[in-house]
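> This is the structure alone, sequence omitted:
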């Protein structure tokens, strides 16, 4: 069924008039295009039209741009969150490694100081590591990772790179316990380096204090004096740093002075220590030296000397200079020298003097 025509005046109708109109429009279009190409007459008109139409393009593209921006924002946020998480983890890992390197560097420094001390001592030492430490007013102890299997014995001196720390008080198969010099029950015989005054430093129960009581008032002692082990008692070899005098005050009675010293060892910071091996000193008289004498007579022969009463008239036989085996000098006795006679055992029996 054909559709009914609603337009009464179409642009291109059917017939000669419509064809002529189409030809006129095409010619006009061609003329305008040639004129615009040659003289650019419509460039300004196109610019104005583009400026007028551009907002329409932007409005039409706004939904797509908004969707794209939202999608990019969400993706960027996720990427930034993941990157931030990775960077945070990397930072934590790097910080942990840096802390570990710092700890290793400090440990290497302490071990180097201990090695220098070991080389400078010239004594037998053993390296041990702290595995526990107790620093309370009533008990100042450290536990080491070396015991009886490593040759540790009770009474060994414990040192660090700076001075005396204490001595071994208990030994187990694989661990040992040392009492610090700051323990209230411990005392160290010391000598003041500057004056040579001998005294005793007692532990105070505090890890940063030693008490030095009963000092004569007339003694020359002042803050800054160094305390060294005196060697008395045999527990600590002489010459090791113990502490430094901090203050000196008089007792209430006024008869003695009391000094306070700071320990030389880093009791709260040391992680490795040195154990001095006990030195075995020789006890008793020295060993006898072997006697050196004339060689023994050859087998089968004996040296038969006549009695002194028969040869020299009672005078003892003495070797004379120039005569190897003479009983006396001819000028002093008036007798010719008498020499020893070697007699074979088959021909004569030895005399009683020879048998004795």
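That came through, no problem. Computed from a predicted structure; not experimentally measured.
> buried ones in the biggest strand by length in the chain?
For the chain, the longest strand by residue count, based on DSSP state E, is strand 125-136. By neighbour count on 16 or more other CB atoms under 10 Å, the buried set for strand 125-136 is 125, 126, 127, 128, 130, 133, 135. All C-beta atoms are positioned from the backbone trio N, CA, C, and that covers glycine.
> tell me the mean pLDDT for that strand?
Computed over strand 125-136, the mean pLDDT rounds to 88.
> Toward the C-terminus, what is the element adjacent to that strand?
Moving toward the C-terminus from strand 125-136, the next helix or strand (DSSP states H and E) is strand 139-144.
> That next one - contacts with which helices or strands?
strand 125-136, strand 164-171, strand 176-180, strand 272-276 (3 or more CB pairs under 8 Å, 6 or more residues apart in numbering; DSSP states H and E).
> Give the pairing partners of the first one; include direction for each.
Sheet pairing for strand 125-136, assigned by DSSP bridges, gives strand 139-144 (antiparallel), strand 272-276 (antiparallel).
> Quick one: work out the angle between the longest helix along the chain and strand 272-276.
Assignment by DSSP state H gives helix 43-121 as the longest helix of the chain. Orientation check (axes from the mean of the first three to the mean of the last three CA atoms, to 10 degrees): helix 43-121 against strand 272-276 gives 10 degrees.
> quick revisit: list of residues touching the longest strand of the chain?
114, 118, 140-146, 150-152, 159, 175-176, 207, 267-268, 270-277 (CB atoms under 8 Å, 6 or more residues apart in numbering).
> show me the residues around the nearest residue to residue 245 once chain neighbours are set aside that make contact.
Leaving aside its chain neighbours, residue 245 sits nearest to residue 225 (4.4 Å; criterion: CB to CB, 6 or more residues apart in numbering). Contact analysis of residue 225 by CB under 8 Å, 6+ apart lists 192, 193, 194, 195, 244, 245.
> For the protein, give me the ranges with low pLDDT.
By pLDDT under 70, the weakly predicted segments of the chain are 1-16, 100, 103, 107, 110-111, 113-123, 278-356.
> And it, what are its domain boundaries?
19-122, 125-276 (automatic domain parsing).
> Go ahead and confirm residue 195 touches residue 216.
No: judged on CB atoms under 8 Å, residue 195 makes no contact with residue 216 at a distance of 11.1 Å.
> Now do the strands in the stretch 201-350 of the chain.
210-216, 226-229, 241-250, 256-263, 272-276, 303-304, 341-342 (DSSP state E, counting those that start in this stretch).
> Which one, of those strands, ends up nearest to residue 57?
Closest approach to residue 57 among the strands of the stretch 201-350 of the chain (CB to CB): strand 272-276, 78.7 Å.
> now the closest one against strand 164-171, angle please.
Using the same axes, to 10 degrees: strand 272-276 against strand 164-171 is 70 degrees.
> In strand 272-276, which residues are buried?
Buried-residue list, strand 272-276, by 16+ other CB under 10 Å: 272, 273, 274, 275, 276.
> how close does residue 235 sit to residue 249?
28 Å (CB to CB, to the nearest Å).
> the more surrounded of these two?
residue 235 (17 against 9; other CB atoms under 10 Å).
> ok, now which ones touch that one?
Residue 235 neighbours (CB under 8 Å, 6+ apart): 155, 157, 167.
> if you set the cut-off to 6 Å instead, what comes out?
Residues near residue 235 by CB atoms under 6 Å, 6 or more residues apart in numbering: residue 167.
> In stretch 252-264, which residues are buried?
Quick answer for stretch 252-264 (16+ other CB under 10 Å): 257, 259, 260, 261, 263, 264.
> Give me the residues contacting it.
162-163, 210, 212-215, 217, 227, 241, 243-251.
> what's the answer for stretch 161-177, then?
113-114, 117, 141, 143-144, 147-149, 152, 154-158, 178-181, 235, 240-242, 264-266.
> could you redo the last one with a cut-off of 7 Å?
110, 113-114, 117, 141, 143-149, 152-159, 178-181, 186, 188, 229, 235-236, 240-242, 263-267, 270, 273 (CB atoms under 7 Å, 6 or more residues apart in numbering).
> Can you tell me which of these are buried?
So, by 16+ other CB under 10 Å, the buried ones in the contacts of stretch 161-177 are 110, 114, 117, 141, 143-144, 146-147, 152, 156-159, 178-181, 186, 188, 229, 235-236, 240-242, 263-265, 267, 270, 273.
> Looks like residue 140 contacts residue 185 (just checking).
No: the criterion here is CB atoms under 7 Å, and residue 140 misses it with residue 185 at 8.9 Å.
> between these two, which one's more packed in?
residue 140 (25 against 12).
> what's across from the more buried one in the sheet?
residue 135.
> Start the count at 51 instead of 1 going forward.
All set: I'll call the first residue 51, so the last point we hit is now residue 190.
> Tell me which residues touch it, please.
184, 229, 230, 232, 233, 253, 255, 257.
> Adding distance to residue 102, write these out as TSV.
Compiled in TSV, these are given as follows (distance: CB to CB, whole Å):
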residue	distance to residue 102
184	91
229	99
230	95
232	95
233	98
253	99
255	96
257	90
